[in-house]
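# Structure, please.
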Amino acid sequence: MALRELPPSSPFAADDGSADPTVVAALASFAAGTGSVADVVEALRGTRVLVPVMAELDVAGAREHEGVAHVVDKEATTGVVALQAPDGRTALPVFTSVASVAAWRTQARPVPSDIARAALSAVQEGWELVVVDPGGPVTVLLPRTAVWALAQQLSWEPAVRGTGAEKQVDGAVRAAVVAAVADMPGVVEVDALPGLRAEVAVVLALVPGLRRAELDAVLAQVNAALAACEVVAERVDSLELRLRGA
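Numbers count the residues shown, from 1 in each chain. Below you'll find the model as predicted:
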């Protein structure tokens, strides 16, 4: 958990701390498996969220008296909390209501902000993700591309659409992946599918019989080509590579 300097207060004096009904409905659909992250992101656009701030004790020094250490010059500073996602990236927690903040941390103070400002703050801090209601009852992790879209007050176009078994990679993203890799030496076939460990899996069939050094070289070129692809950079949160027989 990290803290940063508290931004200026936002003008939500009349806010009663309740969740937006549209957001509540989107979260319920997501929990039921009938809605998607994209539905939650769309519901959040233009709404108020609550950003938690917490006090952290700064100690200027210490002194010892009769073998006992005494802390002196203590000062409490307040900052916005950052969380670590399972993949190691940093996430800004936001909440839909005062009740959801209290369910997460009773000592956290909720500061209202519009979602665009909260997302922009995360981007400026280098925090790639936003997690909605980390204390429940429904928690949704918003990927980097969704955070960027919210920060720019734009509609989000996810790289993977649909839910459950109907998930599929968006046609424009799939086409961009194929175009970036298909003509590369050593690559026989390429496709893009919903990932298991990442958002999108790039599935490669390579020339049979490649030695280890040759295989490593081909994969390095594939990774470089995908990193240089503008559509992949803007639309895909994370990638994994899978190899299959030609």
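
# which stretches of this protein form helices?
Ranges of helices in the chain, per DSSP state H, are 21-32, 37-44, 98-104, 115-125, 144-151, 171-181, 212-228, 230-235.

# and of those, who's closest to Glu199?
Among those, the nearest to Glu199 by Cβ to Cβ is helix 144-151 (8.6 Å). In short, each C-beta sits where N, CA and C put it, glycine included.

# Quick check, pLDDT for Val101.
According to the per-residue confidence, Val101 scores 95 in pLDDT.

# Would you mind measuring from it to Pro134?
10 Å (Cβ to Cβ, to the nearest Å).

# Looking at these two, which one has more neighbours?
For the pair Val101 and Pro134, the greater number of neighbours falls to Val101 (24 against 20), based on other Cβ atoms under 10 Å.

# shaky segments in the protein?
1-14, 56-78, 245-246 (pLDDT under 70).

# Now the spatially most central residue of it: closest residue in space, sequence neighbours ignored.
The centroid of the chain falls nearest to Leu129 when counting by Cα atoms, centre = their mean (2.4 Å). Nearest residue to Leu129, sequence neighbours excluded (Cβ to Cβ, 6 or more residues apart in numbering): Ala91, at 3.8 Å.

# Please tell me I have it right and the residue nearest to the centre of the chain contacts Val140.
No. Leu129 is beyond contact range of Val140, at 10.7 Å (criterion: Cβ atoms under 8 Å).

# Go ahead and name everything in contact with stretch 101-120.
Under the contact criterion Cβ atoms under 8 Å, 6 or more residues apart in numbering, stretch 101-120 has outside partners 6, 9-10, 12, 15, 17, 44-55, 78, 80-81, 92-95, 98, 121, 130, 133-137, 147-148, 150-153.

# Give me the buried subset of the residues you listed.
17, 44-45, 48-54, 80-81, 92-95, 98, 121, 130, 133-135, 147-148, 150-151 (16 or more other Cβ atoms under 10 Å).

# Okay, and which of these map to strands?
48-54, 80-81, 92-94, 130 (DSSP state E).
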